[in-house]
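J.: need a 3D model of the sequence below.
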Amino acid sequence: MIITLKDIQKTYYLGAIDVPVLKGIDLEIERGDYVAIMGPSGSGKSTLMNLLGCLDRPTGGQYVLDGHNVENLDDDELSHTRNREIGFVFQSFNLLGAMNVRENVELPMIYSGMAAKERHQKALDAIESVGLTDRIKHLPNELSGGQRQRVAIARALVNEPAILLADEPTGNLDSKTGEEIMALFAKLSQQGRTILLVTHEREIAEHANRIVNLKDGLILDIEVLKDVAKVTS
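T.: Model (predicted):
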């Protein structure tokens, strides 16, 4: 298992008020799986995504990520694990407007201290993998929404993370462009990437192998749409 969650809890302490958001999540995700997380507003899906992405810590339970017991890591170790193990794709793209496509894709490797020559080549390879070689010198405002999301995906993949974490990746796109992005995720899944996707759209979630349905901070059920063993074999 690349991810194991055991009795994960998250409570926010607001003065004298305790707000429990996750109330005991048990979940296992295999390497190469493609999992969508769904739930109504307030179900805890964004909180769960933040915990899975090492952007926050649980207040109870155990999270094992690719052999690392996350809750035992200090802040530096957590940051290192996040940069090495996880690639993020956000609804709002989060590209830097003053940097061109290649420069945006190189950012995670700058943070990890990679040498410039290696960094440039890996960025070129990642950009080619999402079909944007002809846009490499363009700034974000010179790209369509779908192209900007492809840049964000290339940036997420460039450090070859164990997991790709996507938070509403089609939320700012029209339906046709959203389907193109989901086709790219399908291709990445077929290549053996582990993908976790948060969405409120059923038709987007159905691209995944499994759908984890949350309600009131608990897993309501897990729908199996495809057998991951067959998908990755």
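J.: residue nearest the centroid of the chain?
T.: Nearest residue to the geometric centre of the chain (Cα atoms, centre = their mean): residue 165, 0.6 Å.
J.: wait, a strand at that residue?
T.: Yes: when DSSP: H, G, I helix; E, B strand; the rest coil is applied, residue 165 is found to be in a strand.
J.: hang on, it packs against residue 54?
T.: No: between residue 165 and residue 54 there is no contact under Cβ atoms under 8 Å: 9.6 Å. Bear in mind the C-beta positions are built from the backbone N, C-alpha and C, glycine included.
J.: quick one: the residue nearest to the centre of the chain from residue 115, how far?
T.: Per Cβ to Cβ, to the nearest Å, residue 165 is found 27 Å from residue 115.
J.: go on, residue 152?
T.: Distance of residue 152 to residue 115, given as Cβ to Cβ: 24 Å.
J.: phi first, then psi, for residue 97.
T.: When read as degrees, to the nearest 10, the backbone of residue 97 gives phi -60, psi -30.
J.: for it, which non-adjacent residue is closest in space?
T.: Closest residue in space to residue 97, ignoring its immediate chain neighbours: residue 140 at 5.4 Å, by Cβ to Cβ, 6 or more residues apart in numbering.
J.: how deep is that neighbour tucked in, by neighbour count?
T.: Other residues near residue 140 come to 19 when the count uses other Cβ atoms under 10 Å.
J.: for it, what are its contacts?
T.: Going by Cβ atoms under 8 Å, 6 or more residues apart in numbering, residue 140 touches 93, 95-97, 99, 104, 148, 151.
J.: also residue 68?
T.: So residue 68 contacts 81, 85 (Cβ under 8 Å, 6+ apart).
J.: quick one: the lengthiest helix in the chain to strand 163-167, angle?
T.: When the chain is parsed with DSSP state H, its longest helix is helix 175-190. Counting by axes from the mean of the first three to the mean of the last three Cα atoms, to 10 degrees, helix 175-190 points 160 degrees away from the direction of strand 163-167.
J.: pLDDT weak spots in the chain?
T.: Low-confidence segments of the chain (pLDDT under 70): 228-233.
J.: those strands in it, which residues are they?
T.: Listed in chain order, the strands of the chain (DSSP state E) span 3-14, 17-29, 34-38, 60-65, 68-69, 86-90, 163-167, 194-198, 210-215, 218-224.
J.: just tell me which of these ends up closest to residue 110.
T.: For the strands of the chain, the distance to residue 110 is smallest for strand 86-90, at 15.1 Å, taking Cβ to Cβ.
J.: in this structure residue 88 contacts residue 165, no?
T.: Yes: the pair residue 88 / residue 165 is scored as a contact, 5.4 Å apart, by Cβ under 8 Å.
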